[in-house]
Structures are given as structure tokens and as C-alpha cells.
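> show me how the following folds:
(2 chains)
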Amino acid sequence: GAVVSQHPSWVICKSGTSVKIECRSLDFQATTMFWYRQFPKQSLMLMATSNEGSKATYEQGVEKDKFLINHASLTLSTLTVTSAHPEDSSFYICSARARGGTGNSPLHFGNGTRLTVT
Amino acid sequence: ELKVEQNPLFLSMQEGKNYTIYCNYSTTSDRLYWYRQDPGKSLESLFVLLSNGAVKQEGRLMASLDTKARLSTLHITAAVHDLSATYFCAVEATQGGSEKLVFGKGTKLTVNP
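Below you'll find the predicted structure:
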């Protein structure tokens, strides 16, 4: 089945540094990838929609200059948390749908990245 | 704005019992998903419901969709401890020209021996 690989699984960084998270679709091409954030014991909140070859679409309240998204190819999207602060500590999850897929096919989720900013 | 409401948010039940989790959503959508999340893990896809009256079953879980009522249910039959997890419903809608998946708050299910 379709696999989405997310890396790293967990990362600890110091306040003020930047962290890059990668999301790869391993066996399918993904025109669109989605980035979610989940705080402890809460639901998933969509941060942005990443479109291959174009700018990402950010949800209201998400700072695009802080959360940089790059979707350079049909199999890779990256999320960079710039100048991270402790309040950015969260579980970040990406998802992707196969190119040409519609609502008939489910979104495939990565395993998530747990970010801890000290 | 699409809103998705799930209830209950917490559910503690005994093994062998039946229960239903409800998912209401606010705008028209014909695509509804159910996911399972174990602690510290990502999401596992359980069901994709695409049309009014759709019913899908996998093991002790059965999901249904009523698009007219904007309601989906996840029914648990004869619960076992392994079903303990958080269950999310998610509804897909087109907003601003792009498809978005909006999640409910989740139902944390604990099945007790």
C-alpha cells in the first residue's frame, strides 16, 4: 500500500534554532501534501497545504514566515520551523494523496515528528 | 467554515459491551473518514465513507454515513481491550479551491477488562 515516510521521528532542539522535517511519498506521486500539528491530547489542526511547484496555502493563524514549506518534487515536501520556541513543541504530521487521487482514496499519513524545543 | 463535532470525547467501557461514537459536521460533504490513533503514534485509516447510506464494517467496528443528517457513526461491538485508542472522524470539503480535511476532537476510548 501507499507509504508516506516522515523524518525525523523525533527531534530536540534549542530555542532559536531551526528544524527541518521531511515528508516523502515512497511509492506514489503526491501533487498535494498536507501538514498538521497536534498538541498533546488535542486533535489534528491543518497548518498548510503544500502544492508541488507552487507556494503553500497556509491556514488562518499559521505564520508562513515561521513555518516554511517547500514542495520541490512530487515525492517530497519539507516543513522548516524557523527560530523555534518552546511553544512550537508539538507532534507534526504530514499526509499525502496519490496524484490523480480523489476523495475515493484516503489520505496516507506519515508517522509524525515529535518536536521538543528546550 | 466546516466544523466537525464528535461525541463523546471520552468513553470508558467494559469488554464485551457495545457503544456508538457520533460525528456531526456542518457543511455538505460526501467524504468522511474514520481514523485510529494510538498514543505517540500517527493515524491509521479505518474507513472511508463516500455516499449517503454507506456502511462499512471491519471486525468489531462498523461505520455509517447519513449525508442528509450530516452524521456519521462508529459502532463498536463486543469491545475488547485492543480497541483502546483515540478515534477521529474527519470530513473533507472544498474550501478556497482546495480540498481540506477537518478533524473532530477525537474520542478517547478505554476498554476495561
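> burial measure for the residue of chain B at minimum distance from chain A, as a count.
Chain A sits closest to B:R31 of chain B, with a gap of 3.8 Å, by C-beta to the nearest C-beta. For the C-beta atoms, the positions are set from N, CA and C on the backbone; glycine is no exception. Neighbours of B:R31 under the rule other C-beta atoms under 10 Å in any protein chain shown: 21.
> could you do B:F88 as well?
Neighbour tally, B:F88, other C-beta under 10 Å: 24.
> now do the residue nearest the centre of chain B against B:N112, distance only.
The centre of chain B sits closest to B:C89, judged by C-alpha atoms, centre = their mean, with a distance of 3.5 Å. Note on B:C89: its distance to B:N112, by C-beta to C-beta, to the nearest Å, is 23 Å.
> ditto for B:L43
For B:L43 relative to B:N112 (C-beta to C-beta), the value is 24 Å.
> OK, contacts around residue 36?
I'll assume chain A. A:L44, A:M45, A:L46, A:M47, A:Y92, A:I93, A:C94, A:S95 (C-beta atoms under 8 Å, 6 or more residues apart in numbering or on different chains).
> that answer is for a different chain, and I need it for chain B
By C-beta under 8 Å, 6+ apart, B:R36 lies in contact with B:L43, B:E44, B:L46, B:A85, B:T86, B:Y87, B:F88.
> write out the residues of chain A neighbouring chain B.
For chain A, the residues in contact with chain B (C-beta under 8 Å from any C-beta of the partner chain) are A:6, A:32, A:34, A:42-46, A:49, A:57, A:93, A:95, A:103-112, A:114.
> filter the residues you listed down to the buried ones.
Buried by 16 or more other C-beta atoms under 10 Å in any protein chain shown: A:6, A:32, A:34, A:43-46, A:49, A:57, A:93, A:95, A:103, A:106-110, A:112, out of those.
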